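Peer 1: Provided below for reference: sequence and predicted model.
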Amino acid sequence: MTDHPPIPKPEPASDISEEILLDTLADHDSIEREFTVEQRTQWKTIARRFSRHKPAMVSLVVFTLLVLFAFVGPFLWKFKYDQVLKKPAGASNDWIRPSWTHPFGVQKGYDVLALVMRGTQYSIRIALVVVVLSVTFGVIVGAVAGYFRGGVDNALMRFTDLMLVIPYLAAVAALQRNVKGSTWLYLSFFLAMFAWMGIARVIRGEFLSLREKEFVEAARSVGASAPRIIFRHILPNTIGPIIVNATLAVGAAVLGEAALSFLGLGVKPPDTSLGKIIEVGKGKATTYPNEFWWPVLVLCLISLTINFIGDGLRDAFDPKQNRVRA
Amino acid sequence: MFSFIVRRILVSIPLLFLASFIAFILVVNTGDPLEDLRTKQNVPKGQIALQEHRLGLDKPFFERYFSWLGHAIHGDWGRTVKDKAVWDQISRSLGVTLKLVVFAEICSVLIGVTIGIISAVKQYSWFDHGATTGSFLLYSLPVLAVGSFLKFFLAIRLNRLLGREKNPLLKTIGESTANFCNVRKPQNCGFIPATTDFLTHAALPTLTLVLITFAGYARFARATMLETLNADYVRTARAKGLDEKRVILKHAFRNALIPVVTVVSIDFGGLIGGAILTETIFEWKGMGRVLVDAVTKVDPNLLLCWFAVTAIAVVLFNLVADILYAVLDPRIRL
């Protein structure tokens, strides 16, 4: 390329026209504009749409606080989850009920606030592992099935149907039964094994429609390989459904884990989770309600906020959505 | 139509066989069914070997699977670790679960569809806003929370309010009173006392299931109804001069119902093995209890039968959904 002479810049047709052009530009700058036009990227548009969705914004704040509560809280709170508390001298038997020293009360010698913090932390950790694994796998399956169609698609979708037939709570419970020692990571793997089907179907649908678009045809015509088309050209266009589904999957994973642990088939000590604390506390739900209702409340908050955030994201990513001028 | 049904059934059969194979892999990995016997002292070696032989644990994997499958196809689901017939236990708990699920599903469909239709007809009214927000909240709440709230909070207070703490009106444990009808209490054995007893037990679990499922139906019914209300044939009906009630009920509602019916059918199939939490909270001896028992005590035949029944329910009601869709919508040719 270097041996070519540099291409001369085209001369302006006449000096006058350039002057006029400069004049008008100067004029425009001096005029007070009624509105300013600012270029907005797609992400800015989405962020604006999301920020107008009030319940979603409130939920985002609450969920962030919950995450801080779970991950930073244990460092700030004066009691540790494994710190055995002794009944203070001269105290009545009611010392295990909520008080200023123990806002959530005491359960079997442990501070319930510290327990709930740790339980929330494990629940969120489990949910994150489940979501990362299941979304990655689901996206790959959906992308391959939707892009290649035909026999590959048929085989993968029958496999998806097959996994949907097996009741996932029971399957995870059966696998989890034999795990010894630290259980939360195994539980996350097992939950992820039975949680990827929904997103795989959504992504397959997106791929089936996107693969017929002109830009994919263009990419194919310049000789892009199938992986390149899938990952560089089509996948970025499905980021909306992926994010929305991943968000909703966090809520589903937290609830699935809680359900299993509540049945006594999920995490085992030394690990814990919200479901586990609820299971331990359920026998005394009426006599010592604090042990039971606090984790239930946190569970409800996670589920509600995640659903609202997912709703807000869905609205923000949906280009057909024009309720809000963005 | 007939050929479609046959074709769908033919597709479902290999699906079920594959599912049974995966379930078998899961069950084999659940643990050792004879763990208790092995860790106990003074158990003769011969007895363990005998039990192993009875449960087929001494055979290789594939032989075990095909022997189980062969018996299962002939309706012989084998015996539990405690040497009881598996099918007796499963059919009994399936009956309990069906009582709960059928009742709850009917209620939630009626409530959900009614609310959804009203919301759609009066779109953006206060009722619509209230119903949409309310159903979203209920839809997002965990079953665990709803059930516990009804059991530990509402039931106790309501019973106290009615002054019936000794003999509570809303019962929170079990699906029927133990020894309700026996020789000493013959007056309890009629149809009316038995039904009353069942209703007092079923009220709260049913309400739990209704609260968490009706919201989904309301949202769905609203969406499909809005779609049909904006359809051309509804405009035609209005243009013909039909009165609004007739337009909504005969033209829009009937068509909006088609997708709802299929969703309800699919949901119902899932609920057979999916009401586990509700059953556990209210301590019903349904399918949920069987699952928990079968997993904790590692009972391979019981667990396999559980998987089989729930998987068949899912496949069957998916099939029903497809067929209903075709029957209700004449545009779909099969």
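Peer 2: Perfect, I can see it now.
Peer 1: from memory B:Ser93 sits against B:Leu291, does it?
Peer 2: No: the pair B:Ser93 / B:Leu291 is not scored as a contact, 9.3 Å apart, by CB atoms under 8 Å. Every residue, glycine included, has its C-beta placed from N, CA and C.
Peer 1: Neighbour count: the two, which is higher?
Peer 2: B:Leu291 (27 against 23; other CB atoms under 10 Å in any protein chain shown).
Peer 1: If you drop the residues flanking it in sequence, what lies closest to B:Asp324?
Peer 2: Rather than Asp, residue B:324 is Leu. Of all residues not flanking B:Leu324 in the chain, B:Val261 sits nearest, at 5.4 Å (CB to CB, 6 or more residues apart in numbering or on different chains).
Peer 1: Might you report the residue contacts of the one you found?
Peer 2: Contacts here follow CB atoms under 8 Å, 6 or more residues apart in numbering or on different chains; on that basis B:Val261 touches B:321, B:324-325, B:328.
Peer 1: Let me have the residues you listed in JSON lines, extended by secondary structure.
Peer 2: Putting the contacts of B:Val261 into JSON lines (DSSP: H, G, I helix; E, B strand; the rest coil) gives the following:
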{"residue": "B:Ala321", "secondary structure": "helix"}
{"residue": "B:Leu324", "secondary structure": "helix"}
{"residue": "B:Tyr325", "secondary structure": "helix"}
{"residue": "B:Leu328", "secondary structure": "helix"}
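Peer 1: Which among those count as buried?
Peer 2: Buried residues within these, counting neighbours by 16 or more other CB atoms under 10 Å in any protein chain shown: B:321, B:324-325.
Peer 1: quick one: what helix or strand has residue 212 in it?
Peer 2: Went with chain A since none was named. Secondary structure from DSSP states H and E places A:Glu212 outside every helix and strand.
Peer 1: I was after chain B.
Peer 2: Under the assignment here (DSSP H and E), B:Ile212 is part of helix B:191-229.
Peer 1: same for that helix, what does it pack against?
Peer 2: The contact analysis (3 or more CB pairs under 8 Å, 6 or more residues apart in numbering or on different chains; DSSP states H and E) places helix B:191-229 against helix B:86-121, helix B:126-140, helix B:143-148, helix B:254-271, helix B:276-281.
Peer 1: if I pick the closest residue to A:Phe317 other than its chain neighbours, what's in contact with it?
Peer 2: Residue nearest to A:Phe317 in three dimensions, not counting chain neighbours: A:Gly240, with 3.3 Å by CB to CB, 6+ apart. Listed by CB under 8 Å, 6+ apart, the contact set of A:Gly240 reads A:313, A:317-318.
Peer 1: Give me the nearest residue to A:Ser51, chain neighbours excluded.
Peer 2: A:Met57 (6.0 Å).
Peer 1: Just checking, which helix or strand of chain B averages the lowest pLDDT?
Peer 2: helix B:35-39 (a mean of 74; mean pLDDT, DSSP states H and E).
Peer 1: what's downstream of it, the next helix or strand?
Peer 2: Per DSSP H and E, the helix or strand that comes after helix B:35-39 is helix B:45-55.
Peer 1: Restrict that next one to CA atoms and write it as CSV.
Peer 2: C-alpha atoms of helix B:45-55 as CSV (Å, rounded to 0.1, in the frame of the first residue of the first chain):
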residue,chain,number,x,y,z
LYS,B,45,-23.3,-61.3,55.8
GLY,B,46,-25.8,-63.6,54.3
GLN,B,47,-28.7,-61.2,55.1
ILE,B,48,-27.0,-58.3,53.4
ALA,B,49,-26.3,-60.5,50.3
LEU,B,50,-30.0,-61.6,50.4
GLN,B,51,-31.2,-58.0,50.4
GLU,B,52,-28.8,-57.1,47.7
HIS,B,53,-30.1,-59.9,45.5
ARG,B,54,-33.7,-58.9,46.2
LEU,B,55,-33.1,-55.3,45.2
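Peer 1: and that helix, which residues are buried?
Peer 2: B:51, B:55.
Peer 1: where does the chain have low pLDDT?
Peer 2: Just so you know, I chose chain A. A:1-36, A:83, A:85, A:87-98, A:101, A:108-109, A:285, A:319-326 (pLDDT under 70).
Peer 1: Please refer instead to chain B.
Peer 2: Using pLDDT under 70, chain B drops low at B:164-168, B:177-190, B:332-334.
Peer 1: Just the closest residue of it to chain A, please.
Peer 2: Using CB to the nearest CB, the closest approach of chain B to chain A is made by B:Ser140 at 3.9 Å.
Peer 1: how much space between the nearest residue to that residue once chain neighbours are set aside and A:Val254?
Peer 2: Excluding the flanking residues, the one nearest B:Ser140 by CB to CB, 6+ apart is A:Asn307, at 3.9 Å. Noted for A:Asn307: a distance of 11 Å to A:Val254, by CB to CB, to the nearest Å.
Peer 1: For stretch A:116-128, buried residues please.
Peer 2: For stretch A:116-128, by 16+ other CB under 10 Å, it's A:116-127.
Peer 1: need the contact list for the residue nearest to B:Ser140.
Peer 2: Per CB under 8 Å, 6+ apart, neighbours of A:Asn307: A:59, A:248, A:251, B:136, B:139-140.
Peer 1: mind checking the SS state of it?
Peer 2: Per three-state DSSP, A:Asn307 ends up helix.
Peer 1: gap between B:Ala308 and B:Met287?
Peer 2: 12 Å.
Peer 1: Give the burial count for the spatially closest residue to A:Gly105 that is not a sequence neighbour, as a bare number.
Peer 2: Spatial nearest neighbour of A:Gly105, chain neighbours left out: A:Asn290 (3.9 Å); criterion: CB to CB, 6+ apart. Residues within reach of A:Asn290, counting by other CB under 10 Å, total 21.
Peer 1: now swap in B:Pro33 and tell me
Peer 2: For B:Pro33, using other CB under 10 Å, the count is 21.
Peer 1: still on that earlier bit, more neighbours: B:Ala308 and B:Met287, which one.
Peer 2: B:Met287 (30 against 19).
Peer 1: quick one: contacts for the residue nearest to the spatial centre of chain B?
Peer 2: By CA atoms, centre = their mean, chain B has its centre lying nearest to B:Leu271, at 2.3 Å. Residues in contact with B:Leu271 (CB under 8 Å, 6+ apart) are B:101, B:104-105, B:209.
Peer 1: B:Val290 against B:Ser91, yeah?
Peer 2: No: taking CB under 8 Å as the definition, B:Val290 is not a contact partner of B:Ser91, at 10.6 Å.
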